[in-house]
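# just need the structure, nothing else, for what follows:
(chains A, B and C)
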Amino acid sequence: MHRPLLIAAALALTGAALTFAGTALAQTKSAADGIAEYRRMLEDGNPAELFEAKGEDLWKQKRGPKNATLQACDLGKGPGVVKGAFVELPRYFADTQKVQDLESRLVSCMATLQGFNAAEIAATPFGRGEQNNVTALATWVAGESRGQRFNLPQGHEQERKSYEIGKRVFFFRGGPMDFSCASCHSVDGQRIRLQDLPNLTKNPGDGVGFAAWPAYRVSNGQMWSMQLRLNDCFRQQRLPYPGFGSDVTVSLSTYMGVNAKGAQSIAPGLKR
Amino acid sequence: MQTRREMIAHSAQVAGLLAAAGLLPTAAQAAWSQAAFDARTLADATKALGGSAPIESKDVTVTGPDIAENGAVVPVACATTLPGVKRLLLLVEKNPSVLAAVFDVSDAVDATFSTRVKMGQSSNVFAVAMMADGKVLYAAKEIKVTLGGCGG
Amino acid sequence: MADPMRIRAQAAGDKTTVRVLMNHEMETGQRKDTAGKTIPAWFIQEVTALHNGKTVLTAQWGPSVAKNPFLQFAVKGAKAGDKITINWLDNRGDKRSDEATVT
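Prediction:
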């Protein structure tokens, strides 16, 4: 009657070995799991909602020298159509004859409809004055496309040109560190400290990269739009900032946005 | 289950005792206690709020992530299943400002509160239940912080 | 007056979960600005919650509470249509009051 005993013992040992291996595996995974759990715990109650609410109020409020609302603003899908607009930007606009991203388009509307000075807003630093309002508006407009998939138009020649310029800018190396966007964002599986660096030369997935902004950054408690995100990228590359709403920044958004075709937007998101 | 009248009478009794001992803040229970928020330890904070020495208890829970990616925003919760709790506190042991929040528990709310704290570094987070019978019970959880969250 | 709060109150059975997001810097008073001067402490000190006008929760906060604070608690016996009011008062004497209907 030793046979069953031996088998039982062997099974017990295997079981113990597997459990031990399981624990070891659990330990090495736990840092990544821990971060994932932390991010999940913050999903409910994203402070970005505060900016969304403010943006919605600003859209409907009579403001500026012309004392008008933004409700007639055309974000690409017709005057006043907000739902679905975010996932089709940047795009070409016939009235300004250029490709515009969400923020530069909002500023155009603030100028034409409300009488604000577009150049003045563009020159205002992020986090001050009307720039705060632009950020709040962008947050709300983005939120109105929550869950929709990116589908930037490329039918107009200017839109295709914007994409090609964006690609060149993306790979342009410069500055004292010889950095380009591609230095961090052109391969899979890269990471800087604990932050994953999405590959922006293709669709990096739902809610990632272009699909994750605007986002509330907990580290500084600030609401960041894509224009501000790009501003910070240039700063990190030790390159001078090209300017709010500039062709360079818009074309980068076109490049990333077209590459992200089909990715689901989670904006406004939550970031470190 | 205590009736509202019984609870008020009991509270009045306890308040009377605390007042007699000179431990009750001059305004109502809801007044902001400088002494408690200046305290540098769990024991000093609870003492400033009129409580006895804290005792660890499995009936008090503190929840939060094991690791916070950024110490600027750490979701934490304090709770107890014990009846007769008057206050629930949240403290971050290694913060310059140790006492983070004090919740006055009424019979109209659950004895569970969630909020978010700033943590300057990896530290223990305490949930404390101050009971009607004067007992002070606590639970601790270590939360690791990868990047300190007090700004600058 | 400060920017509005976001309050969500959802009833499930005889309990209503209230989630609040408040707009506030919650400055600790520990930080220094670029000139080396200490940025003064500025934070919410008192929070009260009312259910149909009756106070159900009072809380005292310190500067360790995070910026743009979040608060979640559960009110017993609240039902759809009831009013939840949240008030806060900060150390500068600024205050804010917002209301939401239980859904």
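# only C-alpha atoms from now on, for both contacts and neighbour counts.
Fine.
# dead centre of chain B: give me the residue that sits there.
Central residue of chain B (Cα atoms, centre = their mean): residue B:89, 1.0 Å from the mean position.
# pLDDT at it, what is it?
Note on residue B:89: pLDDT of 97.
# report the beta-bridge partners for it.
Here residue B:89 sits in beta bridges with residue B:102, residue B:128, as judged by DSSP bridges.
# so it makes contact with residue B:128?
Yes. The pair residue B:89 / residue B:128 is scored as a contact, 4.9 Å apart, by Cα atoms under 8 Å.
# before we move on, back to that, who's in contact with the residue nearest to the centre of chain B?
Residues counted as contacts of residue B:89 (Cα atoms under 8 Å, 6 or more residues apart in numbering or on different chains) are B:78, B:99, B:100, B:101, B:102, B:103, B:126, B:127, B:128, B:129.
# burial count for residue 90?
Chain wasn't specified; assuming chain A. By the criterion of other Cα atoms under 10 Å in any protein chain shown, residue A:90 has 33 neighbours.
# not quite, go with chain B.
32.
# what's the distance between the closest residue to it other than its chain neighbours and residue A:264?
Of all residues not flanking residue B:90 in the chain, residue B:127 sits nearest, at 4.8 Å (Cα to Cα, 6 or more residues apart in numbering or on different chains). As for residue B:127, its distance to residue A:264 is 39 Å (criterion: Cα to Cα, to the nearest Å).
# of the two, give the one with the bigger neighbour count.
Neighbour count, other Cα under 10 Å: between residue B:127 and residue A:264, residue B:127 has more, with 27 against 22.
# isn't that one right up against residue B:87?
No. Checked against Cα under 8 Å, the pair residue B:127 and residue B:87 is beyond contact range at 10.4 Å.
# so who does residue B:107 touch?
Residue B:107 is in contact with residue C:56, counting by Cα under 8 Å, 6+ apart.
# that one: which element?
Assigned by DSSP states H and E, residue B:107 falls within no helix or strand.
# what's the overlap in contacts for residue B:89 and residue B:128?
Shared contacts of residue B:89 and residue B:128, counting by Cα under 8 Å, 6+ apart, come down to residue B:78.
# check what pLDDT the nearest residue to residue A:172 once chain neighbours are set aside gets.
Counting by Cα to Cα, 6+ apart, the nearest residue to residue A:172 once its immediate chain neighbours are dropped is residue A:180, at 5.4 Å. pLDDT, residue A:180: 95.
# pLDDT weak spots in the chain?
Answering for chain A, as no chain was given. Residues of chain A that meet the criterion pLDDT under 70 lie in A:1-30.
# not quite, I wanted chain C
Applying pLDDT under 70 to chain C flags the ranges C:1.
# close to chain A: what parts of it are there?
C:4, C:5, C:6, C:19, C:20, C:21, C:22, C:23, C:67, C:68, C:70 (Cα under 8 Å from any Cα of the partner chain).
# what about the helices in the stretch 51-200 of chain A?
Secondary structure of the stretch 51-200 of chain A (DSSP state H, counting those that start in this stretch): helices at A:102-114, A:118-123, A:129-143, A:157-171, A:181-185.
# nearest to chain C, of the ones you listed?
If you check each of these against chain C by Cα to the nearest Cα, helix A:129-143 wins as the nearest, at 12.1 Å.
# so how far is that closest one from its chain's centroid?
14 Å (Cα atoms, centre = their mean, to the nearest Å).
# and that helix, what does it pack onto?
Judged by 3 or more Cα pairs under 8 Å, 6 or more residues apart in numbering or on different chains; DSSP states H and E, helix A:129-143 is in contact with helix A:48-60, helix A:102-114, helix A:118-123.
# quick check: buried residues in the shortest one?
What that stands for is helix A:118-123. Buried residues in helix A:118-123, counted by 16 or more other Cα atoms under 10 Å in any protein chain shown: A:118, A:121, A:122.
# again with stretch A:107-116
For stretch A:107-116, by 16+ other Cα under 10 Å, it's A:107, A:108, A:109, A:110, A:111, A:113, A:114, A:115, A:116.
# closest to chain B among those residues?
For the buried residues of stretch A:107-116, the closest approach to chain B (Cα to the nearest Cα) belongs to residue A:107, at 31.1 Å.
# and the closest one, what does it touch?
A:118, A:121, A:134.
# swap in 10 Å and give it another go.
Neighbouring residues of residue A:107 by Cα atoms under 10 Å, 6 or more residues apart in numbering or on different chains: A:113-114, A:116-119, A:121-122, A:130-131, A:133-134, A:245.
# mind picking out the helix or strand in chain B with the poorest mean pLDDT?
None of the helices or strands of chain B scores lower by mean pLDDT, DSSP states H and E than helix B:4-20, at a mean of 51.
# near chain C at all, the very next helix or strand once past that helix?
Going down the chain from helix B:4-20, the next helix or strand is helix B:34-38, by DSSP H and E. Yes. Residues of helix B:34-38 contacting chain C under Cα under 10 Å from any Cα of the partner chain: B:34, B:36, B:37, B:38.
# ok, and what's touching helix B:34-38?
Outside helix B:34-38, the residues that touch it by Cα under 10 Å, 6+ apart are B:42-50, B:91, B:96-102, C:60-64.
# redo that, cut-off 7 Å
Helix B:34-38 is contacted from outside by B:45, B:48, B:49, B:97, B:99, C:62, using Cα atoms under 7 Å, 6 or more residues apart in numbering or on different chains.
# please name the nearest non-neighbouring residue to the last one.
By the measure of Cα to Cα, 6+ apart, the closest residue to residue C:62 outside its immediate chain neighbours is residue B:100, 5.0 Å from it.
# do the fifth one as well
Take residue B:99 and drop its neighbours on the chain: the residue closest to it by Cα to Cα, 6+ apart is residue B:91, 4.5 Å away.
# right, and the one you found touches residue B:100 too?
Yes. Applying Cα atoms under 7 Å, one finds residue B:91 in contact with residue B:100, separated by 5.2 Å.
# so where do the strands sit in the chain?
In the absence of a named chain, chain A is used. Secondary structure of chain A (DSSP state E): strands at A:91-93, A:98-100, A:190-192, A:195-197, A:215-217, A:222-224, A:269-271.
# right idea, wrong chain: chain C
Listed in chain order, the strands of chain C (DSSP E) span C:6-12, C:15-21, C:44-51, C:54-61, C:70-76, C:83-90, C:95-101.
# chain B against chain A: which residues are in contact?
Neighbours of chain A within chain B, by Cα under 7 Å from any Cα of the partner chain: B:65, B:66, B:67, B:68, B:69, B:70, B:72, B:73, B:75, B:149, B:151.
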